[in-house]
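1. Need a 3D model of the sequence below.
(chains A and B)
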Amino acid sequence: MKAIHYINQFFGQVGGEDAADCKPIFHDKPIGCSMMLNGLMPDVEVTNTMVVGDNYITNHTEEALKEIMAWLDTKQFDIFFAGPAFMAGRYGVGCGIVCRAVAERYQVPVITSMNEENPGVEEYKQSCYIFKGGRKATFMKDDMGQMAKFAEKLATKAVLQPAPEEGYFPRGIRYELPQKDGIMAADRVMDMLLKKIGGEPYQTELVIPQTDLIPPAPAVKDLSKCTIALVSSSGVVPSDNPDRIQSASAQKWGKYNIAGKNCLPSGEFKTIHAGFDPEAMCAVPDRGIPVDAMRAYEKEGKFAKLFDYYYVTVGTGTTQNFAKKFGREIADELKQAKVDAVVLTST
Amino acid sequence: MRLEIGRFKVKDIVFGDKTFYRDGILTVDKEDALRCVHEDSHITDADLLIVHPGDKVRLCPVKESVEFRCKVSGGEGAYPGATSPLGQAGMGRTHVLEDVSVLAVGKHWGGFQDGLIDMGGPYQHHTIWGDMVNLVLVADTDELEEQREQQKKNHAIRWAAMRLAEHVAECVRKLEPEAVDVYDLPPLEERSKEVKALPGVVYVLQPQTQMEAMGYNTLIYGWDGNKMLPTFMHPNELLDGCLVSGSFMPSSSKISTYEFSTNPMLKRLYAAHGKTINFLGVIMSTLNPKMEEKLRCVQIAGQIAVALGAKAAVVAEEGYGNPDVDYTAMLTELERLGIKTVGISDEATGRDGASQPLVSMNSAENALVSTGNVSQLYELPPMDVVGELEALARDGNSGGWEGCINKDGSCVMENNGMFCANHISGYSRRTCADF
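-> Residues are numbered from 1 along each chain as shown, chains lettered A, B, ... in the order given. Predicted structure coming up:
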C-alpha cells in the first residue's frame, strides 16, 4: 500500500510561527517525521510528504484545498496520514480539514492523531480515524506508532476491533460483532445488574450521549415589529435539490430565497424527506414551509417582515450531533441578519 | 409456586416406526406425527425432516420455534389458553426434551415477520438453532386471504408446531427424567429475613403487542397482549408456557415461543435468588403504538415495581423502532422512581452504522446490553434450501428485498430477517460497539 503524509510547517522543517502562512510544499519523498512513520510500517510505503502552514490551511481553506487536491489528483495512494497534531489547535483543525476533504474525494482510509483536548477532535472525529494522542511532541513516537499499527492492520486486512480497543475516537458508527469470549447476553445483564446494585463500576454496551436541555427563549414582546424566519426539518427544497441535502441522516442544510414569493409552487419546490409519504407535501410544499400563511399574516401586519430566506434540512435519522451543528450555524446567520424570531416546522 | 422441569437430553432425532425416547435418541414416527399436524384442515401440505448443526442447509421462511414439552401434572397442557384449555401454568411437573426444537417453515409463502436460519456456514452460530438438532415441519396452508399479504398471522403453521411439539413430547410423560430443575419461589411475604434483606429485583418484559388487529401479537394464556395492562406474574408461569410468540415485527427482534419458555434471563435471575438478589417476579408489560398507551403502561408498571419494593429491574424489549419509545420510557421511569435498571434489546444503526441506535434515548439509560444490530448486512453463501428461498426476496421479508438472491443461491440480507437472531431473551452472543 502507498501512503501520503500531511504535516505542518514546524514538523516539515520550514519554520515555527513565522512560517505558519506557508503555502503547500509537495515533496517527492518522505521528509522529516514522515521518515519515522515510513519506518514503522513494513506493508505501507510513505511515498510523499506535503507540508502546509497552519495559518494557511485554516485561514485560506478553499485555496489550500484546491492546491492540495490538484496535486493529489496526480498521485496514486491507498491511505492518507496527517499529523500527529498533539494539543496544537490549528494543526489539529488543519489535519481535520485535509483529512475530511481527502476522505470524501478519494474514499481511502484517512488516519490522524490528536490529544483529546484538541478542538479538531470534536469537529472531525466523524470524518476520519483520529487516534488519541499525547499532549506534546514528546509523544511523537507513541502517537505515530498507533497510527502506523492501525495502517498495518488495514494493509494486511486484519480484523478491526471497536474504536476504544484500536485507540481512535468513535466516529459515530456502530456495528454488531461477536461478544468477546462468547458470553451470553443474559450473563452480561446479570453482571451489569449486580455491579450497578453494588455501586461498582460497569461498562454499558450502548453509551447514551448526554443531551443538552435548551431552555425556551422568552416570548416575543411586540410581534408587529418582528422579522420572522422559517426554519424546517421538512426537506422542502427547490426541485433540483441544489445542495444535495440527503433524504435521511442529513449531513447538511440549505437556505433558499423566497423574497417576493407568496407561496412555494408545486413543481418548483418539493420535499426530499424519506421519513413520510411525500405526495401531499410535494403537491403543496407550503405544508412543510408555510410561506403562504406567513405572507397572509405579514400583509395583515401581524408581524413586520418574513425573512428573505428559509432554512431547511431533513429530520429523519439525522444524528443529534449534526442537528446541533445545523442549529448553531443557522442561528448564527439569523442573528447576524437581525431576525427576531423563528417558526420551526417539523414533520 | 413450585415447578419441576424434568429434562431429557436429546443427542439426536431419527425417524422410526414408533415415537419414543431412549438413551438420548428421540425416534419420531413421521406418519403419526403428521396426522397431528393435519388435525387442522387448513394445513394442505406437510412434511417433516431433521436438520443437524453443521448441515449446509438454509431454512426459510421460518415462522416459529417451539420446545418439545409435556405437561405431566399440575396444569392444563404445555400452552394453556392456546393449545390447551385455560389453566394455571407454573406448578407441578413438566417434561421437556432438551437441546432440540421444533421449527416451523413455510413451504412457499413468507412475510415481514418470518425469518431465515442457516444450520451451517458462517452464520450457523447467529441463532441458537444452528447449534441444536431440529425437527422441521415444512407446511403449506389454504390461508389464501393472507397468502400475498406482507403481514401474516401464520396461524395454522404456528399452531401445528405447538401441537407437534406436545404430541411428540408425550413419549416422555411416563419416563423418569435424567435431571429435574426445581423452580420454587415462595410468595413475597413468606420469604426468609435473609432473602428479604437482599435487593429486590423484577424482570420487566415488554413482549411485542403493537398490532391493533387480533391474531398477530404475543399471547398471554391465549389472550392478545394488545388488550392488557401491565400485571405482576410469577416467573414459573413464563417457564411453563403461558406465552406464545406473535407474528409481527422484523424477525431478528422477535422472541420465539421456544425462548419464552426457556428464557435464559429468567433462569439467571432465579439462580441469583437468595444469593445476591431477592427475585420478586415478573412485571408483564406490553408494547403499544400510541404515546398515551405507552405512558399508561410505563406508569402502571412503575407503580407495581414500587409497590413490590423493587430496588432494581431488568427490562427486555421485544422489538425495535417505535417500541424503543416504550423501552426507554420504562427505563427512564423506573430510574426516576429510584429503581436501578439494566436494559436488554437490540439496535438499529442503519446500513452505514451512523443512525441513532434507539429511536429515543435518555441519559438515564446508563446500563444497556445490546444483542445485535438489525441493520447489519449479511452475505450468505449458497446452500440447500428447506422451504422457499424466494420468500426472502418476494414476500416483504424485513431483511430481504427484490434482487437480494443471486442465481447461485447466495444472497445478501439484513440481520432483520434472521429468525429471532438477536435473541433478546438473553441467548445472544453478539453485541454492538463504536467503530
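2. Please count neighbours and contacts with C-alpha atoms only from this point.
-> OK.
3. ranges for the helices of the chain?
-> Chain wasn't specified; assuming chain A. Ranges of helices in chain A, per DSSP state H, are A:33-39, A:54-59, A:61-72, A:89-106, A:119-124, A:140-155, A:163-166, A:185-198, A:279-283, A:291-300, A:320-336.
4. my bad, the chain I had in mind was chain B
-> For chain B, the helices defined by DSSP H cover B:30-37, B:144-147, B:155-169, B:193-197, B:235-239, B:257-262, B:264-272, B:291-307, B:324-336, B:390-394.
5. Ok, which of these comes nearest B:Thr83?
-> helix B:155-169 (7.0 Å; Cα to Cα).
6. by how many degrees do that closest one and helix B:30-37 diverge?
-> Here helix B:155-169 runs at an angle of 130 degrees relative to helix B:30-37 (axes from the mean of the first three to the mean of the last three Cα atoms, to 10 degrees).
7. Pull the number of nearby residues for B:Lys193.
-> Applying other Cα atoms under 10 Å in any protein chain shown, we find 9 residues neighbouring B:Lys193.
8. Repeat that for the one 5 residues further on.
-> Around B:Leu198 there are 16 other residues, counting by other Cα under 10 Å.
9. wait, doesn't it sit right on B:Leu280?
-> No - using Cα atoms under 8 Å, B:Leu198 is not in contact with B:Leu280, being 10.6 Å away.
10. that older thread, to A:Gly96, which of the helices of chain B lies closest?
-> It's helix B:324-336; of those, that one is closest to A:Gly96 (Cα to Cα) at 34.8 Å.
11. quick one, what contacts the residue lying closest to B:Asp434 once chain neighbours are set aside?
-> Distance criterion Cα to Cα, 6 or more residues apart in numbering or on different chains; nearest residue to B:Asp434, sequence neighbours excluded, is A:Arg174 at 4.6 Å. Taking Cα atoms under 8 Å, 6 or more residues apart in numbering or on different chains, we find A:Arg174 in contact with B:349, B:353-354, B:357, B:432-435.
12. quick revisit: and of the helices of chain B, who's closest to chain A?
-> Of all the helices of chain B, it is helix B:264-272 that lies closest to chain A, at 4.9 Å by Cα to the nearest Cα.
13. That closest one and chain A in contact?
-> Yes - for helix B:264-272, a contact with chain A is found by Cα under 8 Å from any Cα of the partner chain, at B:264-265, B:268-269.
14. and those residues as a markdown table, adding neighbour count and pLDDT?
-> Shown next, in a markdown table, are the residues of helix B:264-272 next to chain A (neighbours: other Cα atoms under 10 Å in any protein chain shown; pLDDT from 0 to 100):
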| residue | neighbour count | pLDDT |
| --- | --- | --- |
| B:Pro264 | 21 | 98 |
| B:Met265 | 26 | 98 |
| B:Arg268 | 15 | 98 |
| B:Leu269 | 25 | 98 |
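15. Give me every residue in the stretch 51-200 of chain B lying close to chain A.
-> Looking at chain A, the residues of the stretch 51-200 of chain B close enough under Cα under 8 Å from any Cα are B:Pro199.
16. Neighbours of whatever residue of the stretch 51-200 of chain B ends up closest to chain A, how many?
-> Relative to chain A, the nearest point of the stretch 51-200 of chain B is B:Pro199 (7.8 Å; Cα to the nearest Cα). Close neighbours of B:Pro199, defined as other Cα under 10 Å, add up to 20.
17. surely it meets B:Leu308?
-> No - using Cα under 8 Å, B:Pro199 is not in contact with B:Leu308; the gap is 11.4 Å.
18. okay if I get the contacts of A:Arg174 as TSV plus pLDDT?
-> Formatted as TSV, the contacts of A:Arg174 follow (pLDDT from 0 to 100):
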residue	pLDDT
B:Thr349	94
B:Gly353	93
B:Ala354	90
B:Pro357	95
B:Cys432	98
B:Ala433	97
B:Asp434	96
B:Phe435	96
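19. Redo the residues you listed as JSON lines? Include distance to A:Leu160 and neighbour count.
-> Below are the contacts of A:Arg174 laid out as JSON lines (distance: Cα to Cα, whole Å; neighbours: other Cα atoms under 10 Å in any protein chain shown):
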{"residue": "B:Thr349", "distance to A:Leu160": "18", "neighbour count": "24"}
{"residue": "B:Gly353", "distance to A:Leu160": "15", "neighbour count": "20"}
{"residue": "B:Ala354", "distance to A:Leu160": "17", "neighbour count": "21"}
{"residue": "B:Pro357", "distance to A:Leu160": "21", "neighbour count": "27"}
{"residue": "B:Cys432", "distance to A:Leu160": "14", "neighbour count": "23"}
{"residue": "B:Ala433", "distance to A:Leu160": "12", "neighbour count": "21"}
{"residue": "B:Asp434", "distance to A:Leu160": "11", "neighbour count": "21"}
{"residue": "B:Phe435", "distance to A:Leu160": "9", "neighbour count": "22"}
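20. Of these, which pair is most distant in space?
-> Greatest spacing in the contacts of A:Arg174, by Cα to Cα: B:Pro357 and B:Phe435 (13.3 Å).
21. what about the nearest residue to A:Lys255 once chain neighbours are set aside, distance to A:Met184?
-> Nearest residue to A:Lys255 in three dimensions, chain neighbours excluded: A:Tyr311, at 4.4 Å (Cα to Cα, 6+ apart). As defined by Cα to Cα, to the nearest Å, A:Tyr311 lies at a distance of 48 Å from A:Met184.
22. same thing with A:Arg244?
-> Relative to A:Met184, and taking Cα to Cα, A:Arg244 is found at 44 Å.
23. do the same with B:Ser41
-> Distance of B:Ser41 to A:Met184, given as Cα to Cα: 41 Å.
24. Those two: which has the busier surroundings?
-> Higher neighbour count among B:Ser41 and A:Met184: A:Met184, with 20 against 11, using other Cα under 10 Å.
25. Correct me if wrong: that one contacts B:Ser425.
-> No - here A:Met184 lies out of contact with B:Ser425, judged by Cα under 8 Å, at a distance of 10.3 Å.
26. just to revisit the earlier point, need the helices of chain A in JSON lines with mean pLDDT, distance to A:Gly134 and mean neighbour count, can you?
-> Listed next are the helices of chain A as JSON lines, based on pLDDT from 0 to 100; distance: least, Cα to Cα, whole Å; neighbours: other Cα atoms under 10 Å in any protein chain shown:
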{"stretch": "helix A:33-39", "mean pLDDT": "97", "distance to A:Gly134": "16", "mean neighbour count": "19"}
{"stretch": "helix A:54-59", "mean pLDDT": "94", "distance to A:Gly134": "19", "mean neighbour count": "21"}
{"stretch": "helix A:61-72", "mean pLDDT": "97", "distance to A:Gly134": "26", "mean neighbour count": "15"}
{"stretch": "helix A:89-106", "mean pLDDT": "96", "distance to A:Gly134": "12", "mean neighbour count": "22"}
{"stretch": "helix A:119-124", "mean pLDDT": "90", "distance to A:Gly134": "13", "mean neighbour count": "19"}
{"stretch": "helix A:140-155", "mean pLDDT": "98", "distance to A:Gly134": "7", "mean neighbour count": "20"}
{"stretch": "helix A:163-166", "mean pLDDT": "96", "distance to A:Gly134": "16", "mean neighbour count": "15"}
{"stretch": "helix A:185-198", "mean pLDDT": "98", "distance to A:Gly134": "32", "mean neighbour count": "20"}
{"stretch": "helix A:279-283", "mean pLDDT": "94", "distance to A:Gly134": "52", "mean neighbour count": "16"}
{"stretch": "helix A:291-300", "mean pLDDT": "97", "distance to A:Gly134": "52", "mean neighbour count": "16"}
{"stretch": "helix A:320-336", "mean pLDDT": "89", "distance to A:Gly134": "25", "mean neighbour count": "14"}
